[in-house]
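# return atomic coordinates for the entry below.
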Amino acid sequence: SLTKLSCKGVGLRKFPKELGQGIKYLELSNNFIQNLSGSNMPGFQQLEYLDVCFNQLEAMSATTLAQLLWLRSLLLGSNHLDWNYLANGEAFHLLRNIEVLDLSVNNLESHMASWYISNLTSLRVLDLSGNTMTKLLAGTFQNWPWLRQLDLSNNYIMEIQEGAFEPLEELEVLNLALNSLLCISGFSLMQLRVLNLSHNALELFSSKEGAEPYLLRVLDLSHNRHLSFPELPRAHDLTHLNLSNSLIASLLPGSPHPREFILLYEEMQRFNRTVHPMAALTHVADLDLSNNCLELFPFSFFHSLGSLYSLSLARNCLQDVAKDCLQWHKAVHALAGPPQQHPSCAATLVL
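Sure, this is the predicted structure:
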C-alpha cells in the first residue's frame, strides 16, 4: 500500500481531507493552505512525517493535532504562525511525540517561540531560525532532555540569560549565526560538538573555568569583532576553527587590545587576562585566520599545533616573516591564500 504522498506546489488551499489509509509521509509544501482544522480527518492517525512549509498557515486546531498520535516530524517553516500563537501553542501541547520540529521564518518573537515549544519534551531537532527572537530566557529549554540539534540563526538575539542552555545535556549542534551577540563568557556546553557563532558582533569568547574538557570539534567565530585569539584552554578535541573576517591583530598571548575597539562591559574586565589560547589545540587540522589585521607571523604560536593540515592567512597585513618559515611549514600540508589563486600550493607557503 502507498505510504508516501507528495502534493508539493499543486495549488492546494485546504488540507486534503481524504487520505489513503496507511499514509505515513505527507508533503504539502509550497501551497496556499491557511489552516489545519477539522473534526474528522481520515488517514491522519498514521502520519509520521508532515511537511507544510511555504504555505500561508495561521491556525491549527487542537482537535486536528490530537489525532497525530504517531507524528514524529512536523515542518512548518515559512508560514504565519505569529498569528493566533496563543491558540496554536495550546494545540501544539498535544504533540507529545514530536522529535523534529521546524518553526523557521514565522516572525516569532521570543515569548511566542517559548509558548509553542514549552511542552514538547520529546524534541531532538528544533529549527527556530529566521524569526524575530531577541533574547533567550533561563527557563526556555528546561523540558528538553533529548534535544541534539538547535538552530537559532538569523534572529535578533542580543541576550542569553545565564543557564539558558544548561538543561540541554544531550545538545550536540548549536547554530547562533547571524544574531547580535556581543559577548560569550563562561561558555559551559561541555557536550557540544558543533557551534556556529559567525556573523555576530562578538569581541569576547571565553570558556567556563574548571577541569572538565569540552567535546567541541567545530567552532565558527568568523565575521565578528575579535581583537585577539579566543580562550580555548580545554577544547582538546577541536579540529576545525574559523576566525576569519575579524579584527585580530596579534596571536601572541597577552597582546594589548586597541582601546578604541573595546566595548566597556563587565565581562571584558573579568576575563581580560594573559592566557595561552592555543595550549590545548593539539588536534586542530583546519585553522582559518584570513581577513584579519595580522602584521607579524609568530611561528611560536603554531609550534604545538601538531595536527594542522590547512591554514589560511589570506588578506592580512603580514610584513615580517622569519627565516625559519620554510622549515616550519614542512609540517603543514597546506598553507595558502585563496585556492583559486594557488591551485597547486599543497606543500607551498603562500602569504
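# how about the helices in the chain?
62-65, 85-92, 110-117, 266-271, 325-329 (DSSP state H).
# worst mean pLDDT among those helices?
Here the helices of the chain differ in mean pLDDT, and the lowest is helix 266-271 at a mean of 44.
# flag the shaky bits of this structure, pLDDT-wise.
Scanning the chain for pLDDT under 70 picks out 1, 20, 38-43, 211, 253-279, 320-351.
# ok, how many other residues are close to the closest residue in space to residue 87 that isn't next to it in sequence?
Counting by C-beta to C-beta, 6 or more residues apart in numbering, residue 59 is the residue found nearest to residue 87 once chain neighbours are left out, at 7.3 Å. Bear in mind the C-beta positions are built from the backbone N, C-alpha and C, glycine included. Applying other C-beta atoms under 10 Å, we find 16 residues neighbouring residue 59.
# was I right to think residue 59 contacts residue 82?
No. Between residue 59 and residue 82 there is no contact, the gap being 11.9 Å when judged by C-beta atoms under 8 Å.
# just to revisit the earlier point, report the contact partners of the residue nearest to residue 87.
Applying C-beta atoms under 8 Å, 6 or more residues apart in numbering, one finds that residue 59 lies in contact with 34-37, 83-84, 87-88.
# what's the distance between it and residue 118?
19 Å (C-beta to C-beta, to the nearest Å).
# kindly report the same for residue 88.
Separation of residue 88 from residue 118 (C-beta to C-beta): 12 Å.
# before we move on, what about residue 247?
Residue 247 sits 39 Å away from residue 118, going by C-beta to C-beta.
# try residue 208
Distance, residue 208 to residue 118, by C-beta to C-beta: 27 Å.
# compare those two and say which one has the larger neighbour count.
residue 118 (17 against 13).
# the more buried one contacts residue 144, correct?
No. Residue 118 lies out of contact with residue 144 (C-beta under 8 Å); the separation is 10.0 Å.
# just the buried ones from the contacts of residue 59?
Among the contacts of residue 59, those classed as buried by 16 or more other C-beta atoms under 10 Å are 34-37, 88.
# export the residues you listed to a markdown table and tack on distance to residue 18?
Shown next, in a markdown table, are the buried ones among the contacts of residue 59 (distance: C-beta to C-beta, whole Å):
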| residue | distance to residue 18 |
| --- | --- |
| 34 | 19 |
| 35 | 17 |
| 36 | 15 |
| 37 | 15 |
| 88 | 25 |
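# now, which of the residues you listed lie within strands?
35-36 (DSSP state E).
# could you give the number of residues near residue 317?
Residue 317: 10 surrounding residues under other C-beta under 10 Å.
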